[in-house]
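A.B. asks: Okay, sequence plus prediction incoming.
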Amino acid sequence: MPGFDDRPAVNTMILENLGGRTRLSARSRLPSVEDLQGTLATGMIGGALQTYDRLADEIARG
């Protein structure tokens with residue numbers, strides 16, 4: 001994505017076993033407030049939420 005290539009974000013995903021359930025925690029660490037604002041402006045949050053909803057649907061199907 002133009003403007004983000006030289007300042008990568010660090011993305012971490014943790015899956016935690018809760019005894020029959022799993023907690024997924026995701027974190028993105030961006031190098032600056034400006035990078036965060038640019039990321040938010042692209043609509044990436046909405047896309048990520050849609051992806052997690054699809055993942056939940058797949059898991060529910062078994």
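C.D. replies: Cool, got the structure. Treat the numbers as computed from the prediction; the structure is a model and nothing was measured.
A.B. asks: C-alpha from now on. contacts and neighbour counts both.
C.D. replies: OK.
A.B. asks: dump the residue contacts of residue 22.
C.D. replies: 15, 16 (Cα atoms under 8 Å, 6 or more residues apart in numbering).
A.B. asks: Let's test this: what are the backbone torsions at it?
C.D. replies: Residue 22 adopts backbone torsions of phi -130, psi 130, taken as degrees, to the nearest 10.
A.B. asks: That one and residue 12: what is the separation?
C.D. replies: 16 Å (Cα to Cα, to the nearest Å).
A.B. asks: Next, residue 25: secondary structure please.
C.D. replies: Assigned with DSSP: H, G, I helix; E, B strand; the rest coil, residue 25 falls in the strand class.
A.B. asks: For the nearest residue to it once chain neighbours are set aside, give me its contacts.
C.D. replies: Leaving out its chain neighbours, the residue that sits closest to residue 25 by Cα to Cα, 6 or more residues apart in numbering is residue 14, at 5.1 Å. Contacts for residue 14 (Cα under 8 Å, 6+ apart) come out as 23, 24, 25, 26.
A.B. asks: Next secondary structure after the lowest-mean-pLDDT helix or strand in the chain?
C.D. replies: For the chain, using mean pLDDT, DSSP states H and E, the weakest element among its helices and strands is helix 33-41, scoring a mean of 87. Where DSSP states H and E defines the elements, the next helix or strand beyond helix 33-41 is helix 44-61.
A.B. asks: Number of residues surrounding residue 13?
C.D. replies: Neighbourhood size, residue 13 [other Cα atoms under 10 Å]: 10.
A.B. asks: That one: which element?
C.D. replies: Per DSSP H and E: strand 10-17 holds residue 13.
A.B. asks: Check the model's average confidence along that strand for me.
C.D. replies: Average pLDDT, strand 10-17: 94.
A.B. asks: For the least confident helix or strand of the chain, buried residues please.
C.D. replies: For helix 33-41, a neighbour-count test (16 or more other Cα atoms under 10 Å) marks residue 35 as buried.
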